[in-house]
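In: any chance you can model this:
(2 chains)
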2 protein chains.
Amino acid sequence: MATRTRTPKARGGIDLGGTKIQAVVVDGRSKVLGEARRPTPTSGGPADVAAQMGEALREAAQAAGVEPSALAGVGVGSPGEVNARTGTVSQAKNLPGWAGEFELGNWVHSELGPEVRVGNDVQVATEAEFHLGAGRPYRSLIGVFWGTGVGGGIVLDGQPWLGRGTAGEIGHTVVKLGGAPCPCGRRGCLEAYAGRSAMEAKARREHEDGRKTDLFKLAKKHGRDRLTSGIWERALEKQDALAIELFDRAVEALGAGIASAINLIDVEAVIIGGGIGVRMGKRYAKRIERAMGPHLFDDDNPPAVRVASLGDLGGAIGASLLVKR
Amino acid sequence: MATRTRTPKARGGIDLGGTKIQAVVVDGRSKVLGEARRPTPTSGGPADVAAQMGEALREAAQAAGVEPSALAGVGVGSPGEVNARTGTVSQAKNLPGWAGEFELGNWVHSELGPEVRVGNDVQVATEAEFHLGAGRPYRSLIGVFWGTGVGGGIVLDGQPWLGRGTAGEIGHTVVKLGGAPCPCGRRGCLEAYAGRSAMEAKARREHEDGRKTDLFKLAKKHGRDRLTSGIWERALEKQDALAIELFDRAVEALGAGIASAINLIDVEAVIIGGGIGVRMGKRYAKRIERAMGPHLFDDDNPPAVRVASLGDLGGAIGASLLVKR
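Out: Here you go, the predicted model:
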């Protein structure tokens, strides 16, 4: 009967980001067999985005030596508001022409063939860290993804907690009533202090007001039209005063916002991921942990603070977990 | 075999507050059969507190026509850090002589006889509202108890969420980095703006600095040495400018702190209880709901905001639910 035992099928995972699309093909144990990356289209509309996602996954499947049609399914981690049941996505403000609701699951399905499941990008990355990464020792945790924005995902007693569908928005914790403007249009959110977009906007305002900084010179030198995590890192290494000040401010806000979340849900661990979080690594996780200290209600029993260990591929691997194994 | 069917036994519940001890005896359906109230001792130590708790429960049992020894058990809702397994309580800073850890469960047990179970006061009040009060229509909710301090309790998918034991501390959400001093010793917590203690301290400072207010005159007139919820209500009715200003500030902070909690855990409902919350009722729940609006991430889908419906007895009834039915 050996012919009837079957290797668990490979699965696909696609992380749809504002700047890049990351695709992986993994085996039954979530080991990455192939990967590919493409830039997210900056013009056009959802159909163009779905086409690029199809391309990225086909490339990852080729690298893995697997036909896309042979995959057990494809998971997609998407920004915006995701309806997991229908595979539709709305409010994905960083994606081109995405004003309304869009059947992302169906489009990617018709691009590729296998069944497609869609989840929130940050939630699936949190679940990847929980099952396979830095969160493995814990039963309950919060993932904090520090990048262009500040996103979050929650696992409670081993299960994802989605609330009514949009839980985990730790970036929109109010850390300062009437405070700094946030890209979301509100004021005083954690993201208004720690998100890369908001930090760049603040740096630009300060620079235009005559504040000295090498941030924009460094960006130009490295051919960037925005202040990437790498540019910030270089500026910090060069002791750029404005970069240091804005990162101090970001760490302070992260400390307060994450401590407030711990005071509310009291989970065992905080996993720091995202473009900036992973790049800045342990040293900054330690700084965030120290910044949380003064705000923790049960300060004798602080949560563990760890850096996400799956790196850049965590989102795509997490998306692949949406496919039932 | 009719003689073998047995009426479910009555249960006891005690809510241990900073100013009063409220006891109830309820039947198998949690209907209140008898109640009694005693002031919390302001001197002495935990043994004196336990003795008063015993007195209050005996009085409630007498009113119910039940022998304390016939109760199926007694539940206690206590402030501070509660170890539900051992029935010990520590960090109950509002109680006299309660610096260390104290075996509250064992003491009340030896006062009364029946098995005693101890839980967090605010959590059991939240569960009472969930099972029997304003929270009945919902599966997931947060209770916000607005009184001397600001406490919270969480129910997710029908189950209490305690985290590692101290979840629900919404009063210590940081709503303003570097903001007002909080009775907890930190700065900028929600409770620093909305807790009765913190509001009284602020009113006193402003008054001493020459600000005009009738708050302290009203307290004196009604024989109060502190600004009770009733005194605040009278001052608001009389359009006292300082009282209005401090309540506006409290509502703004509650809006930001509760909205931040919703952004994180996205539950269906917020139940507003506590001494001030219940007294101020629907009108203030509406004001808090409006103050949340600008900070809600998913503002198309706000949670329901309701006033706790079990009133003053909610904490004691919730405590009685700790006894297995």
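
In: packing partners for the helix or strand in which residue A:219 is found?
Out: Per DSSP states H and E, residue A:219 falls inside helix A:215-221. Applying 3 or more CB pairs under 8 Å, 6 or more residues apart in numbering or on different chains; DSSP states H and E, we find helix A:215-221 packed against helix A:196-208, helix A:229-237. (C-beta placed from N, C-alpha, C; glycine too.)

In: now do the buried residues in it.
Out: For helix A:215-221, the neighbour count (16 or more other CB atoms under 10 Å in any protein chain shown) marks A:215-216, A:218-219 as buried.

In: if we can go back for a sec, tell me which of the helices and strands packed on helix A:215-221 lies nearest to chain B.
Out: helix A:196-208 (15.0 Å; CB to the nearest CB).

In: so what touches that closest one?
Out: Outside helix A:196-208, the residues that touch it by CB atoms under 8 Å, 6 or more residues apart in numbering or on different chains are A:147-149, A:180-183, A:191-193, A:213, A:215-216, A:226-229, A:232, A:242-243, A:246-247, A:250, A:275-276.

In: so which residues of the stretch 51-200 of chain A form strands?
Out: A:74-78, A:81-83, A:88-90, A:116-120, A:141-146, A:150-156, A:159-160 (DSSP state E, counting those that start in this stretch).

In: mean neighbour count and distance to chain B for these - can I get that in JSON lines?
Out: Converted to JSON lines, the strands of the stretch 51-200 of chain A look like this (neighbours: other CB atoms under 10 Å in any protein chain shown; distance: least, CB to the nearest CB, whole Å):
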{"stretch": "strand A:74-78", "mean neighbour count": "30", "distance to chain B": "16"}
{"stretch": "strand A:81-83", "mean neighbour count": "20", "distance to chain B": "7"}
{"stretch": "strand A:88-90", "mean neighbour count": "21", "distance to chain B": "10"}
{"stretch": "strand A:116-120", "mean neighbour count": "25", "distance to chain B": "11"}
{"stretch": "strand A:141-146", "mean neighbour count": "29", "distance to chain B": "8"}
{"stretch": "strand A:150-156", "mean neighbour count": "27", "distance to chain B": "7"}
{"stretch": "strand A:159-160", "mean neighbour count": "16", "distance to chain B": "9"}
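
In: mind putting those into a markdown table with distance to residue A:166 and mean pLDDT?
Out: Shown next, in a markdown table, are the strands of the stretch 51-200 of chain A (distance: least, CB to CB, whole Å; pLDDT from 0 to 100):
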| stretch | distance to residue A:166 | mean pLDDT |
| --- | --- | --- |
| strand A:74-78 | 13 | 96 |
| strand A:81-83 | 6 | 88 |
| strand A:88-90 | 11 | 91 |
| strand A:116-120 | 8 | 95 |
| strand A:141-146 | 15 | 97 |
| strand A:150-156 | 11 | 97 |
| strand A:159-160 | 13 | 96 |
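
In: among the ones you listed, which is nearest residue A:311?
Out: Taking CB to CB, strand A:141-146 is the member of the strands of the stretch 51-200 of chain A nearest to residue A:311, at 12.4 Å.

In: ramachandran coordinates for residue A:100?
Out: Torsion angles at residue A:100 (phi, psi; degrees, to the nearest 10) stand at phi -100, psi -150.

In: count the residues that sit near it.
Out: Residue A:100 has 10 neighbouring residues, counting by other CB atoms under 10 Å in any protein chain shown.

In: residues contacting it?
Out: With contact set as CB under 8 Å, 6+ apart, residue A:100 has these partners: residue A:90.

In: residue in the stretch 201-325 of chain A nearest to chain B?
Out: For the stretch 201-325 of chain A, CB to the nearest CB, closest residue to chain B: residue A:266, 2.5 Å.

In: wait, what's in contact with the spatially closest residue to that residue that is not a sequence neighbour?
Out: Of all residues not flanking residue A:266 in the chain, residue B:163 sits nearest, at 2.5 Å (CB to CB, 6 or more residues apart in numbering or on different chains). By CB under 8 Å, 6+ apart, the contact list for residue B:163 reads A:140, A:265-267.

In: hang on, the earlier thing: could you dump the buried residues of helix A:215-221 to CSV with pLDDT and distance to residue A:206?
Out: Converted to CSV, those look like this (pLDDT from 0 to 100; distance: CB to CB, whole Å):
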residue, pLDDT, distance to residue A:206
A:215, 97, 9
A:216, 97, 11
A:218, 97, 15
A:219, 96, 15
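
In: residue A:19: which of these is nearest?
Out: Nearest to residue A:19 among these is residue A:219, at 14.7 Å by CB to CB.

In: number of nearby residues for the residue nearest to the closest one when sequence neighbours are not counted?
Out: Counting by CB to CB, 6+ apart, residue A:219 lies nearest to residue A:231, which is 5.0 Å off, once chain neighbours are set aside. Neighbour count of residue A:231, defined by other CB under 10 Å: 23.

In: from residue B:10, how far off is residue A:231?
Out: Separation of residue A:231 from residue B:10 (CB to CB, to the nearest Å): 69 Å.

In: kindly report the same for residue A:302.
Out: The gap separating residue A:302 from residue B:10 is 42 Å, by CB to CB.
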